[in-house]
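K.L.:
3D model of this:
(2 chains)
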There are 2 protein chains.
Amino acid sequence: MQHRSIRKYQQKPVPEEVLLKILEAGIRASTTGNMQVYSIVVTKDPAVKERLAPTHFNQPMVTEAPVLLTFCADFNRFNKWCRLRRADPGYDNFLSFFTAAIDALLVAQNVCIAAESMDLGICYLGTATYNAGEIIDILDLPRGVVPVTAVTLGYPAEDPGLTDRLPLDAVIHRDIYRDYSEREINEFYTQKELINTNREFVKENNMETLAQVFTDIRYKKEDNILFSKALIEVLERQGFMNHQ
Amino acid sequence: MQHRSIRKYQQKPVPEEVLLKILEAGIRASTTGNMQVYSIVVTKDPAVKERLAPTHFNQPMVTEAPVLLTFCADFNRFNKWCRLRRADPGYDNFLSFFTAAIDALLVAQNVCIAAESMDLGICYLGTATYNAGEIIDILDLPRGVVPVTAVTLGYPAEDPGLTDRLPLDAVIHRDIYRDYSEREINEFYTQKELINTNREFVKENNMETLAQVFTDIRYKKEDNILFSKALIEVLERQGFMNHQ
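P.N.:
From the prediction side, this is the model:
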């Protein structure tokens, strides 16, 4: 209930025993058929973080946080095991990628909650999927491995308030999906639009509406198309698009 | 640390205030740009659960659990808001789907941990992505909405032990990825192979190795290819594969 993304960190390392406890809790997450088709790359080395920074659009927290976690869909380890046991793995397809991505994302959220329960702060980096190809090169991820998200981890050096959320009724549906009327959309989004920081955001960007800040500045169609094509290419390159 | 999947439930409803508390905790999860591009379909109606059961391969818990949660990537609501605010949404592409899927999966794991902290039990249903098209029809999911996972929820009527996990060293990498040697694979998987239930599993299925139970029986290449094609078709049908 108290989650806030932390973007400023103390220059204080995360003790190894704390890190291990968090990761041990993380891997208790549900996993498809108990296959554990994920890996977590734990990056502390400043040189490696420096090389990764541009893939995360040089957000300062990437180099400033003591730990950067890259969560990967990973069938490489499982496939190697199969091949050493006279079993022929058929996991070079989109469903297997998505299965492994689910595994990795459940572990990621488990790790984050464990971290927060131990007074650490975290911030997700959505950029992991935008520049997956470059991350693969830097982290030396073999075929069968694709980064799906990354998280900065460390002791907070800021104490931000909770971020606004839509009312719960806006995101849940009872029994089946009931599509939204114009009246409901207005009702659900008005509070967000009235928040001072969001109103300033609209002004600063010379936009008419908050929605336009998303469509025209933050998450633009042309960027989404570029990143979509790049991500599909990454899935092909890492061996997840064989449907023969 | 104490997570077990619960497949048998008491015939005791989840009180509405408990359910709301869990869902409120769930939506505190990190979300891309605070867009909250997900929806949760909360199904209690036995008739709807009955219709969904075959999409989850008739696992008894789907109808026996008092609540079935279907977590969906959802750009429909956000797109409607954009259109009502003179903004032109460019979210009909693969990156946007994957972004929304990440949002939905982080919320799912948050909900599960909140549920477990309130003495409820959960079980993930990986089948949600296998039969996404049928789930879309039954739950009346509009364009822009794709189920990515489902979870059964209720008070446990069983108390299973913890499931085995690979040693932590098997799934983490320091700084960059270090690929696995044959020796390491043997070391990491031997304990799993020696577990009695796994050894019986191999015998029952007339297989030589545990890995063959996965490749030849539980997660077969031919099924994966069929489900991959179906899932990509679903993404096209729901409007997430426009890369022009």
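
K.L.:
Just the buried positions in the strand ranked longest in chain A, please.
P.N.:
Looking across chain A with DSSP state E, the single longest strand is strand A:145-154. Using 16 or more other C-beta atoms under 10 Å in any protein chain shown as the test for burial, strand A:145-154 gives A:Val145, A:Val146, A:Pro147, A:Val148, A:Thr149, A:Ala150, A:Val151, A:Thr152, A:Leu153, A:Gly154. For glycine as for every other residue, the C-beta is placed from the backbone atoms N, C-alpha and C.

K.L.:
For that strand, name the packing helices and strands.
P.N.:
Contacts defined by 3 or more C-beta pairs under 8 Å, 6 or more residues apart in numbering or on different chains; DSSP states H and E place strand A:145-154 against helix A:61-64, strand A:67-74, helix A:94-117, strand A:121-125, helix A:127-130, helix A:132-139.

K.L.:
What about the residue lying closest to A:Tyr91 once chain neighbours are set aside, how many residues nearby?
P.N.:
Leaving aside its sequence neighbours, A:Tyr91 sits nearest to A:Phe75 (C-beta to C-beta, 6 or more residues apart in numbering or on different chains; 4.6 Å). When neighbours are counted by other C-beta atoms under 10 Å in any protein chain shown, A:Phe75 registers 27.

K.L.:
Isn't A:Phe75 up against A:Leu95?
P.N.:
No: the criterion here is C-beta atoms under 8 Å, and A:Phe75 misses it with A:Leu95 at 11.2 Å.

K.L.:
beta partners of the most centrally placed residue in chain A?
P.N.:
Geometric centre of chain A, nearest residue: A:Thr149, 3.1 Å, by C-alpha atoms, centre = their mean. Counting by DSSP bridges, A:Thr149 forms beta bridges with A:Phe71.

K.L.:
need the contact list for the residue in chain A sticking out farthest from the centre.
P.N.:
Distance to the chain centre peaks in chain A at A:Arg86, reaching 34.9 Å (criterion: C-alpha atoms, centre = their mean). Shown in contact with A:Arg86 (C-beta atoms under 8 Å, 6 or more residues apart in numbering or on different chains): B:Glu208, B:Thr209, B:Ala211, B:Gln212.

K.L.:
next one: A:Asn34
P.N.:
Residues near A:Asn34 by C-beta under 8 Å, 6+ apart: B:Thr163, B:Asp164, B:Arg165.

K.L.:
For those residues, which single residue is the most surrounded?
P.N.:
These, ranked by neighbours (other C-beta under 10 Å): first place B:Arg165, 17 neighbours.

K.L.:
Where does pLDDT dip in chain A?
P.N.:
In the predicted model, chain A carries no residue with pLDDT under 70.

K.L.:
coming back round to it: give me every residue that touches the residue nearest to A:Tyr91.
P.N.:
Contact analysis of A:Phe75 by C-beta under 8 Å, 6+ apart lists A:Val37, A:Pro89, A:Tyr91, A:Asp92, A:Ser96, A:Phe97, A:Ala100, A:Gly144, A:Val145, A:Phe240.

K.L.:
how close does it sit to A:Ala65?
P.N.:
Distance, A:Phe75 to A:Ala65, using C-beta to C-beta, to the nearest Å: 28 Å.

K.L.:
re the thing from before, within reach of chain A, which of the contacts of A:Asn34 are there?
P.N.:
Contacts with chain A within those, as defined by C-beta under 8 Å from any C-beta of the partner chain: B:Thr163, B:Asp164, B:Arg165.

K.L.:
circling back: between the helices and strands packed on strand A:145-154, which gets nearest to A:Gly33?
P.N.:
With C-beta to C-beta as the criterion, A:Gly33 lies closest to helix A:94-117 of the helices and strands packed on strand A:145-154, at 8.8 Å.

K.L.:
hang on, the earlier thing: if I read this right, the residue nearest to the centre of chain A contacts A:Leu106, doesn't it?
P.N.:
No: using C-beta under 8 Å, A:Thr149 is not in contact with A:Leu106, being 11.1 Å away.

K.L.:
helices or strands next to the helix or strand containing A:Ala230 in the packing?
P.N.:
Take DSSP states H and E as the rule and A:Ala230 turns out to sit in helix A:221-237. Using 3+ C-beta pairs under 8 Å, 6+ apart as the contact test, the elements touching helix A:221-237 are helix A:127-130, helix A:132-139, helix B:94-117.

K.L.:
and the second one, C-alpha only, in CSV?
P.N.:
In other words, helix A:132-139. What follows is helix A:132-139, C-alpha atoms only, in CSV (Å, rounded to 0.1, in the frame of the first residue of the first chain):
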residue,chain,number,x,y,z
ALA,A,132,16.6,-4.9,-25.3
GLY,A,133,19.0,-5.6,-28.2
GLU,A,134,21.6,-3.2,-26.7
ILE,A,135,21.1,-4.7,-23.2
ILE,A,136,21.7,-8.2,-24.7
ASP,A,137,25.0,-7.1,-26.1
ILE,A,138,26.2,-5.4,-22.9
LEU,A,139,25.1,-8.2,-20.5
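
K.L.:
Would it count as contacting chain B?
P.N.:
Yes: legend: contact between helix A:132-139 and chain B by C-beta under 8 Å from any C-beta is shown at A:Ile138, A:Leu139.

K.L.:
residues contacting A:Asn186?
P.N.:
The contact partners of A:Asn186, by C-beta under 8 Å, 6+ apart, come to B:Leu84.

K.L.:
Now do it against A:Leu194, distance only.
P.N.:
Counting by C-beta to C-beta - A:Asn186 and A:Leu194 are separated by 12 Å.

K.L.:
try A:Asn93
P.N.:
Taking C-beta to C-beta as the measure, A:Asn93 falls 46 Å from A:Leu194.

K.L.:
One more: A:Lys49?
P.N.:
For A:Lys49, the distance to A:Leu194 equals 39 Å [C-beta to C-beta].

K.L.:
And for A:Ile40?
P.N.:
A:Ile40 sits at a distance of 40 Å from A:Leu194 (criterion: C-beta to C-beta).

K.L.:
Looking at these two, which one has more neighbours?
P.N.:
Between A:Ile40 and A:Leu194, A:Ile40 has the larger neighbour count (other C-beta under 10 Å), namely 21 against 11.

K.L.:
Show me the beta-bridge partners of that one.
P.N.:
A:Phe71, B:Ile172.

K.L.:
hmm, back to that, what would the contacts of A:Asn34 look like in CSV with secondary structure?
P.N.:
Listed next are the contacts of A:Asn34 as CSV, based on DSSP: H, G, I helix; E, B strand; the rest coil:
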residue, secondary structure
B:Thr163, coil
B:Asp164, coil
B:Arg165, coil
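
K.L.:
Which one of those is nearest to B:Met61?
P.N.:
Nearest member of those to B:Met61, counting by C-beta to C-beta, is B:Thr163, at 16.2 Å.

K.L.:
right, and the closest one touches B:Cys123 too?
P.N.:
No: using C-beta under 8 Å, B:Thr163 makes no contact with B:Cys123, being 11.8 Å away.

K.L.:
Mutual contacts of these two, please.
P.N.:
Counting by C-beta under 8 Å, 6+ apart, the residues touching both B:Thr163 and B:Cys123 are B:Ser5.

K.L.:
Can you tell me which of the helices and strands packed on strand A:145-154 is packed in deepest?
P.N.:
Stretch with highest mean neighbour count among the helices and strands packed on strand A:145-154: strand A:67-74 (a mean of 26; mean count of other C-beta atoms under 10 Å in any protein chain shown).
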